[in-house]
Structure formats: C-alpha cells, structure tokens
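A.B. asks: model the structure of this input:
(chains A, B, C, D and E)
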Amino acid sequence: MPYPAQRRFQSPSFALPALSATLALSLSLGAQAQKVETISIGVAVAQTSNTALLGQEQVIGAKFAEKFLNGRGGINGTPFKLVFQDTGGDEAGAINAFQNLITKDRVLGIVGPTLSQQAFASDPIAERAKVPVMGPSNTAKGIPQIGNFIARVSAPVAVVAPNAVRQALKLDPKIKEVAVLYAQNDAFSTSETGTFQQTAKDQGLTVATVQKFQTTDTDFTTQVTAVLNAKVDLVIISGLAADGGNLVKQLRQLGYKGLIIGGNGLNTSNMFPVCQKLCDGVIIAQAYSPAQGSAANQVFVKEYTAQYKKAPPQFAAQAYAGVQVMVEALKVIDRKKKLNTWELDDLRVELNKQILLGKYSTPLGPIAFDKEGEVIQKEFFVAQIKMKDAKTGSFVYLK
Amino acid sequence: MALLEIENLSVNYGAIQAVRNLSLTVEEGEVVTLIGANGAGKTTTLRAVSRLMKPLSGSIRFGGRDITRLPADEAVKLGIAQSPEGRQVLARQSIQDNLELGAYTRSGPSVKADLSEMYERFPRLGERRDQMAGTLSGGEQQMLAIARALMSRPKLLLLDEPSLGLAPIIVREIFGIIRDLNARGTTILLVEQNAKLAMNASHRTYVLEAGQMTFTGDSAQLVNDERVLHAYLGG
Amino acid sequence: MTDFLSTYGFLIVTMLQAGLLGLSLYFPLQAGQLSLASPGFYSLGGYVAAILLTNPAFAGLRDTLGNAMFPLTWLVAAVLAGLLGLLVGVPALRLRGIYLALATIAFVEVLRVISLNLSITGGAIGLFGIPQPFGIVDRWQYVFIFGPLLILTLLFARQMERSRVGRALRAIREDELAADAMGVPPTRYKVLAFVTGAVLAGIVGAMSAPLLSSWNARQGTFDASIAILAFVLIGGSRHTWGPVVGGALLTAVPEVLRFLADWRLVINGLVLVVASLYLPQGIVGALEKLGRPRPPQRPTPVKPAEVRP
Amino acid sequence: MSAVTSPGSVVLEARNMTRRFGGLIAVNDVSFDVREGEIFGLIGPNGAGKTTLFNLMTGLTPPSSGTLTYRGTTVTGLQPNRVAALGLSRTFQNIRLFKGLNALENVKIAQHVRTEAGLWRGVFGAAKAEEARVEARAWELLDLVGMADRAGELAANFSYGDQRKLEIARALATEPRVLLLDEPAAGMNTSEKGQLTGFIRQVRDQFNLTVLVIEHHVPLVMNLCDRVAVLNFGQLIAMGNPAEVQRDPKVIEAYLGGE
Amino acid sequence: MELSQFIQNLMNGLAIGSVYAIFALGYTLVFSILGIINFAHGAVFTLGAYFTYTLVVGQFENNGLLKGVNLFPDGSPFSGQPLTFALATLLGATLAGLVAVLIERLAFRPMRSRGADPLLALVSSLGVALVIVNLIQLLVGAEIYNFPSNAYGDTPPALSFTLGGKIVIIRTVQVIIFAVSLVMLAVLGYVIGRTKIGKALRAVAESPTTASLLGISVDRFILITFFLSGFLGGLAGTLVGTAFGVAGPYFGVVYGLKGLAVIVLGGLGSIPGAVLGGLVIGLAEAFVPSQYSAYKDAVAFALLFVILLVRPQGLLGRSAIQKV
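C.D. replies: Below you'll find the predicted structure:
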C-alpha cells in the first residue's frame, strides 16, 4: 500500500543525488563485471540475540539442506556452499548481514532474515542489488511486495490459521464462545490474531474476550483469570514457544478444560519443555508437518530424525525448503548454461526469474510462487499435540 | 622506644600539600595534643596514622613496627583506634551495634565484659542502647565514638576534635573522660581547637600551621605561653 | 571501492548515526546531567518521519512537497522531540546522577510500551515501506545526510562550548551549587542542554526511518540507552569528539568481528570490559593526554599605549 | 548598580535571621547592619553558625525566619544566582572552585550575570565584542591575584592559598558590591596570611566594595576588620570594634574555653 | 472486584513480587556498598537457573558446544537423577555467587583501584552481561530448558479452595516461590540484622571509611556482598525457571530491567526498600485490569518515574544532605 509513494519520491530535485551519482560513477569505473567462481548461497538469520531461538533452528535446517542436497549431487555434480551471516535480532544487523553476503561473499541468493521487521529493512537492500531473497519465516503482510526479487516459502498467516479453527469445530461442534489471546509485541502474532478473530466470526462463533500479552511475559494469571471468567469453550493463542507454552500450562493448571488452538508460532517442539504434559491436546495450525506425506518430506524427516533425534521443526523445514528452492532453480539454469560461465549479476537475475517459474517438491509439500513471489502452498496442516512424557511429544496430524 | 614515631611525614590532599615534613613522637602513657587553625593539617596527620590516607613521603612507626603502608583495618588490629572528626557514628545502627562493631577485631567473652564496662562509664549510652545512633545528641554521639574506639582495646587512641560543636558542660565532661582514660593507661593523641582545655588535659603539645609544625613543648609550660594566645586571639 | 562501499557503506552510516546519538547524550552530560533518554526521542523522531512518509493522511502533502517532505519530517521531529524534552526535562532535571539516569530509562520504557499499543505506530510490526529521500539508491549515500548533520552538530557543539552558554554548562557540571552562587541559573541551562540533546536525537530518528525503510518499537529500548552511554564513556565524555569516536568504534566492533562467527558478541563484551578498565578517560581522553594542551593565549591589546601602568 | 550612596550608609540589614535544622538551631535570631565600604568580620568557634549565616545571606539556604535586605531590596527568598546578580558574591569555606576547569575559565564563568549572549548568538559567533570583554576582564582579575602566568592550569592543581585567591578573583568577576569571604586564610601559610590583609583592603578600595569576612584566624580578623561580630551556638554574643571584642570575656571563653 | 479474584491477584502479585524482591536485593546490596549498578545482575540470574538445570538434568539439547555432553552418564555413580532439587538450587545459587565474585575481581575492582568514573562500571558490567549471555548461547544454545515437573516433588499443579461460594485456584509453584522467598528474606534479614557479619556489612555500606577504622576489611566485605548478590540473583533465577521455564540466555534481561525499577522505587541501597519495592511492583502488575494488560510493562516504569519526581530517594531511602 505505501509503495506507490516510493516512486513519486525518486524525482531528483536536489543537488545531492547528482553529487552521489557522480561519486558512485567515479568509484565504479575501476570495477569490472565479475564471473561466478563458487556457487554460494547466503543464509542471513539470527544466530545471536533473543531471536536466536528461532534462528538456530533455521541454521540447522539450512546446514542440513547443504549436506543432504550436496550428498545427492549438489548442482548437477557441483557442490554448492552456504555462507552464514548473523543478523542478530535488529534491523541494522540484518542490513549489515545482507550487504556482507551481497558484496563480500558474493552469494547468488539469500535465504533470510528471521523476522518480518528485519525483512522490511533488509529486503530493500537485496532488491536494489538485484539479489533474489527467499524469506524462510517472514509471514507478515507485504513482504513479497517489497520488490521483484523478494519471495518467501513461509505462507502468510492468513492462509495457515483458519484451518485450525475449522478443525476444532469438527472436533467439538458445540463450541460457541471463544477467547483470543495474543502477544502484542510480536509482529507475527499480532497479524495472526486478526485472522483468527475473523475466522471465528466467519464460523459463527462469539469472541467473548481478547487478551494481550508480551512474548517476554512469564506470568499469565491475569489473562487466564479473564478467560476463565468468560466461560469460553475455545481458546486461541497467537504467540511464540516460551510465552505460548507458559500460557497453555497456566490455563490448564488453573482449571481451563476446553479446547486450545495454538497459532503457527507454537508449531515447535520448543514448547514441550515449557508446558510439558499439559501441552497435550493443543491444536496447532501448521505451515509444515512432519506427517506431510510427500516423498521429499519423508526422506527429510527420516534423515533429520536420525541426526537430531527429533522430528524437524517448522523453522528448520522452511529454511531447508528455502535452500532447496534456490538449489533446484540453479540446477535448471546450469543445465541450460554452465553456472561458472555466467556473470554474477546476470546469474542473480536469472536465478530470480527461474525461482518464480519453477515448481518444487519440498518437505512443505509441492510449492510454487506467484509472480509477486508469494508462496503457493498446496497443503496446510492441523495437528494435535500428543505428549509421550514430560519432555518428548509429537504433533499428530489431523484430517 | 616511643609508641608512635612520625618522621618527615608529608601528605597530599589532591594537589594540595596538607602536611609537610612533620615529625612527632608519642610515648607510651602520654597524652599529646595537636593544635592549630583550620586547615593546619591536624586531621590529615591523624588520618595518616590511622592509615586512612597514604603519605607522600616519610615514615610512621608504631610500637617499633613500620606501618607506613599498612591498610587501615590492619592498623586497628595492631592497636590503633580513632574517634574521627565529626564522630562518624553509624547512624543507622543501634548504640549497642556500634559498640560491638568497635570490638570487630576481637572475640570472646571479654567483649561482653567491656560492653558493660562502657555502659557503666557512659550511663547515658547504656540507657539508650537499642536506639539508633543517629538519634543521639552531639555530645552523646561523641561519647559513643570514644567508647566505640575503646572497644577495640587500643594501645593508642586518636581523638579528632572531641569538643567540636558541643556545649561547654559536655566538653568539660568529655575532657574528664580523656583524663580518666589516660589515668588508666591509655595513650592518646588528641587534635583539638579548644587549646586551653586540650593543653590542660595533655602532657605535651605540638602547634601546627599550614601543614608544618611551628613549635612544641610541655603543655604545662605552653598553656601560659604568649605565643599560643597570640596564635589564637592575636594581640 | 564500490564493493567496499556497498559492503560497509551501511555500517559507515550507522557509525555516523551512533556518533550523533552519542552527541545527543553528550549535550546534557556537559551540564553534568546523566540522561539516557536519547532512544526515546530517537524513536519518536523515527515514528514522526515514518508516519509522515507512509500514512495515507499525508499523501496529498507528500505529492505537493516532493523531496521537500524529508526536511519537513526532520523539522517536525525536532519540534516534537524538543517539546517532549521540555515536558519531561523540567520535572526530571531536579534529579541528579543515577536517579536522573533511571528516570530517563523509565521514560524510554513507557514510551516504548505506548508505541507498541497505538495503531498509528503500527503496533508490533511497526511502519514499513518508508520511501527513500532524494533519489537515494544505496545505503552508503546516507553519508550525505548524516555526514552534514554530524559536521553541523560538531560545529554547533564547538561553538557552544566556546560561548557563554558552554561555560555555564561546564560550571553546572563541575559544581551546580557554586555555579548558582556565581550567577548561573542551573535549571534553565540544564533544561536547555537536555532539550538540545532531545532535538538532535529526534532529528537523527527522523533521518533513520528511511535508512531502515521501516520503524518499530524496538528502535527505542533500554538496551539502546546503555549502548549510547557506552559510546560516550568509551569515546570520552569530556570532549566533543568522544561520543563520535566511541559511537563509531563500538558500532564497528561487532561488524569487524564477523569473522569470529559465534564468538563475536562474546569478544564484543570483552572489548567493553577492557576498554572501560584501561581507558577510564575514554579514547579521546587517552589521546589527549599524549599531547600537551595549549595554554590559553592572552589576547594582545590593539593599542599597547592604552594599557594602564 | 550605579546608585550613589553616602559613605558609611547601611547597605545590608539582617533582621532576626534564624535557621533550624531539625532540632538544632544553627542561626538564632541574628540581626546586624553592615555599612557601605566597611570590612565586617564574623568570628566564632567551629560550629557557631557562621557559614550557615553566609548561606542564608546568599540564597543557598532559605532562612526559617527573618530577612536580609540589600539597599532596600529583600535578598532572602531569592535564588543564589539572583542574589549574585543583585551584587552579593561569595567564596566558600571548603573552596568550591570549578576544579576540573582552568583558572581562566573559572573567572570567565563568573561573569555570567554581567553578560547576555544566548545560545544562538554564541553559536553563530555573534557575541565577539562581549567575549573579548569577558576575556580581557578575566585576565585582569588573574593579574590581580598574580595568576595570569598559570591561567591554563586546572584549579584543582593550585595550592590551598592560591585556590583561595582564585576563588576571590572568581567572586570579583561577578562584579559584586558586597563580597562575602568564608575563611579566606584557612590553609594559608604565615607569609600568605600576612599578605592577605593588604590584599583584601586593596580589593575593597579598588572595586568600592563592602566586605564580610568569616575567619577562624582571629589575629587576622583583628588587623583587617573595621567591625567584628561574634557568633557562638548560633547567637550573636558580641559586636563592636576589634579591640572591644577581643577584651570581651564572653568571647575569650567562647574561644579558649572556660574552666 | 470479586473477592476470589482479589485473592488470586494478591497471590500472584506476592509470588512474582517476592521474586522481584530477592532479585532486587542483590542489586541493591551492591549499590549500597559501591554506589554502582551492576548491569550483569540479570545475567547472573540467568546463570543461576542454568547452573541448577545442569546439576539436576546434566545434559543439553542439540545446539551449542555442550550438546551430547552428559554429566551423569548411565553406569556412572551419578547416573539417574544425581542431586535433589533443593540441593541443586543451593549449589546453583552458590555458583552464581562465585561468578559474581569473579565479576567484581575482574571488572570492578581494577576500576576502583584506578579511581575511574563510577559510571564506567555501567559499561563494564554491560560488557560482562554480554559475555555471559553469549557464552551461555554458545555452550547450550538458545532453546528453552525446563526443570523436571517433579522438581517440587509430587505436588498438585494448583491448589483450589472455595471462598464465599467462589472457587479460588492458585498455582502451587507460586505458593512455593512465595514461601521460599519469605524464608530467604527471613534468613537474610537475620544475617544482616543480627549477626556480626551483617552488622559489619551494614557498616561498610553506611561508611567504608568508618568501617575500616573499626578494623573491618572493606575489600573483603565487597567480595562477600557480591557473593550474596550473586547468590540471591541465582536463586531468583532458579525460582522463576521452575515456574516458567528457563527461556533462553536472555531470560534474565526483563528481570534486570524490572529490578532497576524495584530498587529505585524502594530506595537505592535500602534493603527493606528492595523488598517493599518488589512487592509493590509485583502487586501493581497483578492488579492491572486485564483489558489494560498490554500496558503492564509500563506500570513499573510509570510508577518509577512518578516516584522519582515526588520522592527521589524512593519509598524507604534516605535523602542525602548536601553540605556546603
């Protein structure tokens, strides 16, 4: 929505652009077109800061993709390389990571960053440099619209969330009153809750109370008391693992008996150690499920479980898918014209074009992209948590 | 051998030379007085002896041992106790706690005995033993400061301006205590602006001016010395 | 060279930005006021710019003004930050030392929570898609925006320090009571210094919103307060160049340490510890010690004959 | 400032000035007059309330009751900087120079009330004439106390005696009509003390001042002052010319202690 | 407000407030003695929880350098659950105390002996916090760890009782936290108020100079203070960890910030003030009506701001009298 304004501002009316353009020109005289030497793909996710909980799963997913896909021949026999740059949790960190990847590491494309807020700051950099970006976990509205080079494998919340509500109604058709809770300092949760509330209304349910909390909160008695007083039959939570898990735990401990729906932020086994046995029965809206039946996913799940002793989390699967999409697009290009004969700039443009053209069989199921770069994902999932013991549990695929 | 020997002591206070080349001795059993105007360096000298200030040069010997570089809390263990300028009672602790902390370096039943002795000697402290020290009057605080210093059973007691800001009756009372303490064998180095009282209560007197000693002598002789009167009131 | 600029251009801009934020804290510090409120005003300035540049309510204004819209955002941010500075500063500046620091931290936190809850500030997602000024295409070109501001601020600071006002501030820093007794009204000058810092932080915020293309509540946090304090102290709190040098270096350290991968923030922490242990006067203070200060020169009278015997 | 007053007329009137701190009465119902051009001494043992009285007179501490008027203007209730603007300037017992600044700056700062350049004029260099005046006067004052050659040294690095003199120079920079000196001789050595009397007289004459002096060192007060007031336990116990005061038994007892 | 809800809010506020109180005590102890704010206190809080977790569980997840390490491998004499939870908590807090001592030796003492600007201690302790937090992440990753659910034995998750016909439900863990905190505060109150060490500690806090004149080694008491501070911080970390999980290396940051509000509210350097401040902020947060819960984080700081303006020395602090 704000984007048309951008073009309007680009009319050069000050001396400044002329000055900087001259400087840029004089500086670039020495630079030459560069050939592609190594096939490297950048991964810019949060390896430090309090966003690292999400980022470290993405690192695992991406590293796993590097090993696994190179083990299967890489790009038509040539192995590719991942270059990691830490974004930290802030916008400046994401921009620095992107710029390092683009010019210093000379990657062909970037998988990242972790947070939508970071994407709004760093994606325009890649867009300017004409480097394709694959958002692994940016779910906010407006990300693919940042530019032609920006795409994402993470489906926007508007698509993922409604299934869970429908599934809950299937489990218990008598549900009438709903309580909605969300982490209001988390970009993802605030947009997801909007979808949840809309869906609830569409399904003829009454939203009896809406409660806000912070992802940094640990004590939710205030919210839980409000929920209990509203006497609802369904609670819908949009939050992240730690806060969401605590909320579930405290809801149950204080005596809430009805169904609980957790948003996509709760689709991680990181929640298990928090609510432990009390996680049992929570319905989760998933953009990824280990139960997804495609061959691609089953291989992924098998290999991943062998290595990490647990089923892959959504963030790892999405990062894997991001890398996989880039690799497969590169394979197609390579078949037409060997990658090492390309100029770097041209290859990046070509890669972007190819990404949007292709169809991919990923652990997320078959996916493709529309012309803006928005992911077209066939399958979404709803799962119910089943706890084996206090620490281990699984997402049992419903439907 | 003198109990305390100060030789060529110089102490700086920031960039200011507060004490210059001062030498003095205190014999065992003596009361020695330092007098002089504000800023003459009396308090600085005491603080150097109790090891609160680092000397620039010179030496301080106590009981034959060089203590020039000793930390302050170690000096207490050797037997130096100070009742500091402005009393510095621990206002937020009770009188009893203040006294017990005075005996921090000691332990055993003798502390209890000393405590009751202090309450006997200073009945007003005994009456108020559970009161916060900050609620005491100036004179009572001064007594507490002296009593607290005594609780460490010092060989040398340093008293800094014990009469400061006190009413004459209380001043007289405090000097009575000083004489009494000395009679029981405590060695005392006294800094005082009430020159007459101080000299009457002491054996020897050093007169300081601008960080330097100007003259010294037996208190009994100096008390009628024109020079002292002159130094204070001119003529 | 272009590679260098595209890789490190943004970093260089953020180094300048950090220097400016350091200076915004340095102004009140000149009057001895330890205010950590800069991130609050920075955040406010950023929101002002982001709202003016993206909110549909101002679309007409944007069309009319074109690029002149950007200086307008700076101006509005400066005015609003100045007013808020006055509002907060007048009561808060009765506090001293660590109490003032904590009160200003409280101010920053309250502001953060409020901005998280308003719809005009975009809640948790914040505002995004902020247009670029003056046809800027690469982030390093922001040097042409932040650079002049930094130079102007340094000139301003230098001129102020040499003036009657600067002397008054230093007097208050050295001894507020003595300054008062020597005829310097402390409250007026403390508020002046505080508001100056607030205005600067507001402008920097307004310039930074397009730099980041987006703005959200995480731009003004307690962490930033302490980071900016570190800029000033590590750079040197007694010299105009201190906050600039400190801000630039401390911003660069984690980036320069990228090759350390996972260890970089650990080392970054160690750098802070070691710097505060070994550079108690800050970097500029330490450098200053190396050179001998020039003694003040007595102005030579124009006509020697007029000198009294 | 240019009001013409006949020599010897009363410039300061203290009336029933009292200050309590909790239960302590630091200054108790003190009244006195100070006349134009005189050097007025204020003596008394430590803790007698002399400095508190100065604080009451210069706005640093508000009195519990009582007033001070300067040429008919009420001084009590004004902020210290307004008192300074009115023409009362002081030094401090504990020396409160701007220690981290050099001597020249210390003296320049104190001209604040006699100058007016604001932020913008200062920043745009539009106050050149005023700055030149400030600079010139600062050097003159440093000359007066013999410190022009050490103008660049930090105040903290001066000796006690020199800091006292620098503080007087700073007080003079506010262009006072009344100068209040709190223990100017403390920490000075014998020869410095000897020069101090002459110096204070010289300053009084050169700048047409009225001078109040708190001093512990009684001989100096006796030489210097035209009239002396004696405080003990917050109360005025004697006032008169030095010789009278010196013979007053109450004063002798206050100082040397009675028996 | 209904009585049942009032009781619930009250219990909530008391539980979280008492944790704030113990945590803030550590802050305020250091401030009372050195006049500095130790920003690494939040990191020590985090460390305490991780230490206890290590002693209780002994192994970590898939991230970090310590993955795969098992402190208590099967077959070793330590196999199974080696330490009772109470013992592990005490040991964990003790280790946190030792870390605090180390921080004082490495990051604060050198600065003091150089006579540096005390403000620099803020920067130095910030550096220490950065080191600790990132080391934790390097070693054990950023994931959430949680104590075994039987940490407090076989207690029910919640206690419920009827009050005026209404059911009141209180989480057991909150009751335990409150009880442990009370015991801790009582012990600490006894140590500081009645023992020789406590009296000496208060003497050092009131006047280091006077303390040294009484033969008290100030340096040694600074170390003791840091130990106590770290111990209390670490204990608070474990308590919070049992109630809400150890939510990653940054989980102490929020407490570090809230703790600031607590100690200033109560009066910087005042020990009873820290307790009162903790309870006041805990209760104030608990009684924020649920529709305004979004502003809960602002409550502590708005309160702080107002208190500072009205009564800068805090609720129980003493105003310093400036001497002219």
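
A.B. asks: which helices and strands does the longest helix anywhere in chain A pack with?
C.D. replies: Secondary structure of chain A per DSSP state H: the longest helix is helix A:314-336. Helices and strands touching helix A:314-336, by 3 or more Cβ pairs under 8 Å, 6 or more residues apart in numbering or on different chains; DSSP states H and E, are strand A:40-45, helix A:52-71, strand A:110-111, strand A:133-135, helix A:295-308, helix A:344-357, strand A:359-362. The C-beta positions use only the backbone N, C-alpha and C, and glycine is treated the same way.

A.B. asks: which parts of it are buried?
C.D. replies: A:314-334 (16 or more other Cβ atoms under 10 Å in any protein chain shown).

A.B. asks: wait, is B:Y206 part of a strand?
C.D. replies: Yes. Assessed with DSSP: H, G, I helix; E, B strand; the rest coil, B:Y206 lies in a strand.

A.B. asks: tell me the spacing between it and D:G44.
C.D. replies: Using Cβ to Cβ, to the nearest Å, B:Y206 is found at 25 Å from D:G44.

A.B. asks: likewise for B:N21?
C.D. replies: For B:N21 relative to D:G44 (Cβ to Cβ), the value is 32 Å.

A.B. asks: looking at these two, which one has more neighbours?
C.D. replies: Ranked by neighbour count (other Cβ atoms under 10 Å in any protein chain shown), B:N21 and D:G44 place D:G44 first, with 24 against 14.

A.B. asks: settle this for me: that one is touching D:M239, isn't it.
C.D. replies: No. Look at D:G44 against D:M239 with Cβ atoms under 8 Å: they stay out of range, at 11.6 Å.

A.B. asks: next, show the common contact partners of those two.
C.D. replies: D:V230 (Cβ atoms under 8 Å, 6 or more residues apart in numbering or on different chains).

A.B. asks: who's in contact with E:I281?
C.D. replies: Taking Cβ under 8 Å, 6+ apart, we find E:I281 in contact with E:G17, E:Y20, E:K258, E:A261, E:V262, E:L265, E:V299, E:A300, E:L303.

A.B. asks: low-confidence stretches in the chain?
C.D. replies: No chain was given, so I picked chain A. In the predicted model of chain A, residues A:1-33, A:399 satisfy pLDDT under 70.

A.B. asks: hm, I was asking about chain E
C.D. replies: By pLDDT under 70, the weakly predicted segments of chain E are E:1, E:75-82, E:319-324.

A.B. asks: for it, which helix is longest?
C.D. replies: Criterion DSSP H: the longest helix present in chain E is helix E:3-34.

A.B. asks: could I have stretch C:5-18 exported to PDB, CA atoms only?
C.D. replies: C-alpha atoms of stretch C:5-18 as PDB (Å, rounded to 0.1, in the frame of the first residue of the first chain):
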ATOM      1  CA  LEU C   5      31.000   1.000  -0.100                       C
ATOM      2  CA  SER C   6      28.200  -1.500  -0.700                       C
ATOM      3  CA  THR C   7      29.500  -3.900   2.000                       C
ATOM      4  CA  TYR C   8      30.500  -1.400   4.600                       C
ATOM      5  CA  GLY C   9      28.500   1.700   3.400                       C
ATOM      6  CA  PHE C  10      25.600   1.000   5.600                       C
ATOM      7  CA  LEU C  11      27.900   0.300   8.500                       C
ATOM      8  CA  ILE C  12      29.700   3.600   8.000                       C
ATOM      9  CA  VAL C  13      26.300   5.400   8.000                       C
ATOM     10  CA  THR C  14      25.300   3.600  11.200                       C
ATOM     11  CA  MET C  15      28.700   4.600  12.700                       C
ATOM     12  CA  LEU C  16      27.900   8.300  11.900                       C
ATOM     13  CA  GLN C  17      24.400   7.700  13.300                       C
ATOM     14  CA  ALA C  18      25.800   6.300  16.500                       C
END
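
A.B. asks: now the angle from the longest helix of chain A to helix A:344-357?
C.D. replies: Angle, helix A:314-336 to helix A:344-357, by axes from the mean of the first three to the mean of the last three Cα atoms, to 10 degrees: 110 degrees.

A.B. asks: does any bit of the strand or helix carrying C:A230 sit next to chain A?
C.D. replies: Following DSSP states H and E, one finds C:A230 within helix C:222-235. No. Shown here: helix C:222-235 not in contact with chain A (Cβ under 8 Å from any Cβ of the partner chain), separated by at least 9.3 Å.

A.B. asks: state the helix or strand in which the residue of chain D found nearest chain B lies.
C.D. replies: The minimum distance from chain D to chain B, using Cβ to the nearest Cβ, falls at D:P219 (2.9 Å). Taking DSSP H and E as the definition, D:P219 sits inside helix D:218-224.

A.B. asks: ranges for the strands of the stretch 51-200 of chain D?
C.D. replies: Using DSSP state E, counting those that start in this stretch, the strands of the stretch 51-200 of chain D run over D:65-70, D:73-74, D:88-90, D:178-182.

A.B. asks: give me the contacts around the second one.
C.D. replies: Residues lying outside strand D:73-74 but in contact with it, judged by Cβ under 8 Å, 6+ apart, are D:T67, D:L68, D:L86.

A.B. asks: equivalent analysis for the longest one, please.
C.D. replies: The set of residues that contact strand D:65-70 without belonging to it, under Cβ under 8 Å, 6+ apart, is D:11-18, D:29-31, D:56-57, D:74-76, D:86-88, D:177-178.

A.B. asks: mind running it again at 7 Å?
C.D. replies: D:11-18, D:57, D:74-76, D:86, D:88, D:178 (Cβ atoms under 7 Å, 6 or more residues apart in numbering or on different chains).

A.B. asks: give the ChimeraX command for selecting the buried subset of these.
C.D. replies: In ChimeraX, this line selects whichever of the contacts of strand D:65-70 come out buried by 16+ other Cβ under 10 Å:
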select /D:11,12,13,14,17,18,57,75,76,86,88,178
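
A.B. asks: would you check that B:S10 makes contact with B:I16?
C.D. replies: No. Counting by Cβ atoms under 7 Å, B:S10 sits too far from B:I16 to count as a contact (11.6 Å).

A.B. asks: more neighbours: which of those two?
C.D. replies: Taking other Cβ under 10 Å, B:S10 and B:I16 do not tie; B:I16 has more neighbours (20 against 17).

A.B. asks: residues in contact with the more buried one?
C.D. replies: Applying Cβ under 7 Å, 6+ apart, the residues contacting B:I16 are D:S159, D:Y160.

A.B. asks: mind doing that once more with 10 Å?
C.D. replies: Going by Cβ atoms under 10 Å, 6 or more residues apart in numbering or on different chains, B:I16 touches B:39, B:44, B:211, D:95, D:156-163, D:187.

A.B. asks: just the buried members of the residues you listed?
C.D. replies: With neighbours counted by 16+ other Cβ under 10 Å, these contain buried members at B:G39, B:T44, B:G211, D:I95, D:A156, D:F158, D:S159, D:Y160, D:G161, D:D162, D:Q163, D:G187.
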